[in-house]
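Peer 1: Sequence and computational prediction follow.
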2 protein chains.
Amino acid sequence: MSVGIRHDDLRRRNRAMVIAAVRRDGQPSRTEIAATTGLSHSTISAISADLIGEGILTEGKPNEAGSLKRGRPQVGLGLNPEAAAVMTVVLSLNFLSVAVIDYAGQVVAEEQRRLDTLTMSREALIGECTAIVRRRIEDPDLDIRSVARIALAIQGITDTKARAMLWSPITPQTDIAFADILEAEFGIPATMENDCNMMAVALRWRDPQRYRDDFIAILLSHGIGMGLVLKGELFTGTHSSGGEFGHMIHRPGGALCRCGRRGCVEAYAGNYAIWRNARQLGEDAEPVADVSDAQMRTLAATAREKDGPEREAYRKAGEALGYGLGSLFALIDPAPVAMVGVSAAAFDLIEPALREAIAQTAGGQHSESISFDTEPNELPLIREGCAMRALTFVDQEIFAPGVQARGSAGKSVA
Amino acid sequence: MSVGIRHDDLRRRNRAMVIAAVRRDGQPSRTEIAATTGLSHSTISAISADLIGEGILTEGKPNEAGSLKRGRPQVGLGLNPEAAAVMTVVLSLNFLSVAVIDYAGQVVAEEQRRLDTLTMSREALIGECTAIVRRRIEDPDLDIRSVARIALAIQGITDTKARAMLWSPITPQTDIAFADILEAEFGIPATMENDCNMMAVALRWRDPQRYRDDFIAILLSHGIGMGLVLKGELFTGTHSSGGEFGHMIHRPGGALCRCGRRGCVEAYAGNYAIWRNARQLGEDAEPVADVSDAQMRTLAATAREKDGPEREAYRKAGEALGYGLGSLFALIDPAPVAMVGVSAAAFDLIEPALREAIAQTAGGQHSESISFDTEPNELPLIREGCAMRALTFVDQEIFAPGVQARGSAGKSVA
DNA sequence: TCTATTTTTTCGAGCCTCGAAAAAACACTG
DNA sequence: CAGTGTTTTTTCGAGGCTCGAAAAAATAGA
């Protein structure tokens, strides 16, 4: 049931709002915060005094951006990098990457490892993750007092509660509650996120002009994934991370998909599908386990060079993506799209067929107004998204908690 | 930007919460409201005293449900039917229907008219709507002081702001800002809603057990529509009412749809499509303008009787709906489905192929756990939904406003 | 009639936000 | 270089709101 607003909630929410404004706007003055939040100057003054006292915010130098103005110069408020740290863990095909990030969002440490995720046992996979996290946390060079939160991202399906990986193409293992495991191991709150959702989160921070309330991030990689932001909120399914754009049906009974079903968008537009079509192996050919980025780049080069099966493969991918997007647009209306991943670098080969297909669908009404942007490198995006997700959690839950917790936190710092 | 919470918002929100609790639970006592909202008894007591003083709530008789309990009996709080009235206007193919509903949700007046919506001019259509509303408002028999809000529903696409009909299959006219027109004409706040969304709203009130946070209402009528509730919120597109399930693509380049495109789900599952297939007219045959409910019932009867083109037509409809649902489930995960409209009465003919198709999709993982419910009559549902939508608006915006407005309202009643 | 029990109201305390005024910190001016 | 104007930030009292505890109200059972 919906719950009433208690009196203490007021301060908590407004604290969170101030922190969010500072994180969003960089170095806003108290006056600017008052303007964007709609709260009075007195309230902002009181809250920011508290936050500075607790070591969460810091006052910037007043002589920041050339003070040409007449009166008392604005004092920019910033996030105190030492207020907390968070950790990101990104698990992708044969690759594990962690980073420690300070409260202001700067990477202070990182470590990467190659693994053979496709053949590893459940225990080995979990072991590698906990080990790498432990190494970073216990690193004596790291002068971070404590990691306040861990965010994991994995390609595949996670549950709505952000506790577990349910299924992932990078491992035969299923249902690993990574978040619970890490929490139990280190006593640090953790969440398990879908990689494409983190891409969307990152895009929102990178370019809030373009990616604000409604947009679509599509990962064009070995598989096809999607992160969807609607009305300013990350979209998730009712039970899982949802948004499995790659497994919408493009052609009933069509090409064989990595998921074992037939006719999914991914079975035409995933790297393995483009590869399969370029090699003219037939739609029933078993998907290959991996195609290297270099191989895909070669494929794209060939397709650009001459009209042959390679070009046709990209055309088919464009068609599948276009019809898929058309169906998606029928549900949510058109929105800006960011194409991410190695095949986004071949978007020139994909776009014509994609636009042609969209024009045949309900999305076609605004065909020309749909904008596409490309970003070939997904990993940094996923990492950034994880970092922002973890930091936002700290902002909201740790630094803007109920009264009791806030009191003690205040004492421990003051 | 997100806006801070002012001090006055507190009372406003908690007032809204109390009203919502009373509307939801029937005759809750103050103690029960305190329990469901999590607010203290004192707060509930104060707020309900205000609301009773303002004539919004009324105290029920204490001897309501056999007072077997020991102590002071609970006093049920109810909505005062005379506190306000709302009006619903439902515009469907060749049919216009309005109703006046009191604050407690009872219909106090209604009127219906047959029209030829497909051939009417823009002015005539608007004229009929304003005329019927005026007749109901100015009816001397009606002892309702004033209508506080009007909710219109129409088959087709409306804008996100709930101001205008953008496109509708029931008329060649487009972009009619019905809400603005009625507001200008009568000075009463109005909203323009999508019919299927109102079906979903109604289902939520009718059976909150089954249809709570996540469910799908699909209209199987001449066209195919959908109302979607996700995470307890009505789902809408970024620009329009969205949720155009009927125009997701089932087969690229496939059967001719009423919308002029090809291969939409509706081009296989709409009444005209079933009709077309049953008559073996071919997928390119121009959709007929209307098929009567009686004709559809005859068709279903024939299909049940013998294996022929009629049965095959329903099979194809089931397949299209199944693959469409499969794609939808890939995005949002499976959820309970309510099939509404005349073809829902033929769901026995549709279901086998539908389930078979879903099993071939990402939704298939939970194939057996997906439940279908049928309701052949959409009109009462749409009307109910409109009524609840309008009443909820009154609850939230008129009876739980900012402080200034509340003060004056209080005075005028006291 | 008295007592136990449960619901509802009353009342003072504690917060929170707000507006107005004061204080602070600078640029400009002569 | 002191004085003035301007803008930002803080201070302070007022007004509201919710809460907990206690009181009042309303009933069933003894």
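Peer 2: Now that the structure is in, tell me what you want to look at.

Peer 1: give the contact list for the residue in the stretch 151-300 of chain A that chain B sits nearest to.
Peer 2: For the stretch 151-300 of chain A and chain B, the shortest gap (Cβ to the nearest Cβ) falls at A:Gly237, measuring 3.5 Å. Backbone N, C-alpha and C define where each C-beta goes, glycine included. Contact analysis of A:Gly237 by Cβ atoms under 8 Å, 6 or more residues apart in numbering or on different chains lists A:Thr160, A:Gly243, B:Leu331, B:Ile332, B:Asp333.

Peer 1: Narrow these to those in helices?
Peer 2: B:Leu331, B:Ile332 (DSSP state H).

Peer 1: now, which of the contacts of A:Gly237 sits nearest DNA strand C?
Peer 2: Proximity of the contacts of A:Gly237 to DNA strand C was ranked by Cβ to the nearest atom of the strand; the top entry is A:Thr160 with 30.8 Å.

Peer 1: Next up, phi/psi of that closest one, please.
Peer 2: phi -60, psi -30 (degrees, to the nearest 10).

Peer 1: my guess is it contacts A:Leu234, does it?
Peer 2: No - in this structure A:Thr160 lies outside contact range of A:Leu234 using Cβ atoms under 8 Å: 11.3 Å.

Peer 1: quick one, domains of chain A?
Peer 2: A:7-82, A:84-199+A:380-398, A:207-378 (automatic domain parsing).

Peer 1: can you list those in JSON lines and add mean pLDDT and distance to B:Phe178?
Peer 2: Formatted as JSON lines, the domains of chain A follow (pLDDT from 0 to 100; distance: least, Cβ to Cβ, whole Å):
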{"stretch": "domain A:7-82", "mean pLDDT": "89", "distance to B:Phe178": "32"}
{"stretch": "domain A:84-199+A:380-398", "mean pLDDT": "94", "distance to B:Phe178": "37"}
{"stretch": "domain A:207-378", "mean pLDDT": "95", "distance to B:Phe178": "20"}
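
Peer 1: who wins for proximity to B:Gly318 among these?
Peer 2: Taking Cβ to Cβ, domain A:207-378 is the member of those nearest to B:Gly318, at 12.2 Å.

Peer 1: Can you get me the start-to-end distance on that closest one?
Peer 2: 15 Å (Cα to Cα, to the nearest Å).

Peer 1: A:Asp214 is in contact with A:Glu233, isn't it?
Peer 2: No - counting by Cβ under 8 Å, A:Asp214 sits too far from A:Glu233 to count as a contact (9.9 Å).

Peer 1: Looking at the two, which one has more neighbours?
Peer 2: Legend: neighbour count by other Cβ atoms under 10 Å in any protein chain shown for A:Asp214 and A:Glu233, higher for A:Asp214 (20 against 12).

Peer 1: And what about the residue in chain A sticking out farthest from the centre, helix, strand or coil?
Peer 2: Ranking residues of chain A by C-alpha distance from their mean position (Cα atoms, centre = their mean) puts A:Arg70 at the top, at 42.5 Å. Assigned with DSSP: H, G, I helix; E, B strand; the rest coil, A:Arg70 falls in the coil class.

Peer 1: cool, and A:Val288?
Peer 2: Going by three-state DSSP: A:Val288 is coil.

Peer 1: So for it, what's the nearest residue that isn't a sequence neighbour?
Peer 2: A:Tyr272 (5.2 Å; Cβ to Cβ, 6 or more residues apart in numbering or on different chains).

Peer 1: Tell me the buried residues in the helix or strand encompassing the one you found?
Peer 2: Using DSSP states H and E, the element containing A:Tyr272 is helix A:271-278. The neighbour-count check on helix A:271-278 (16 or more other Cβ atoms under 10 Å in any protein chain shown) flags A:Asn271, A:Tyr272, A:Ala273, A:Ile274, A:Trp275, A:Arg276, A:Asn277, A:Ala278 as buried.
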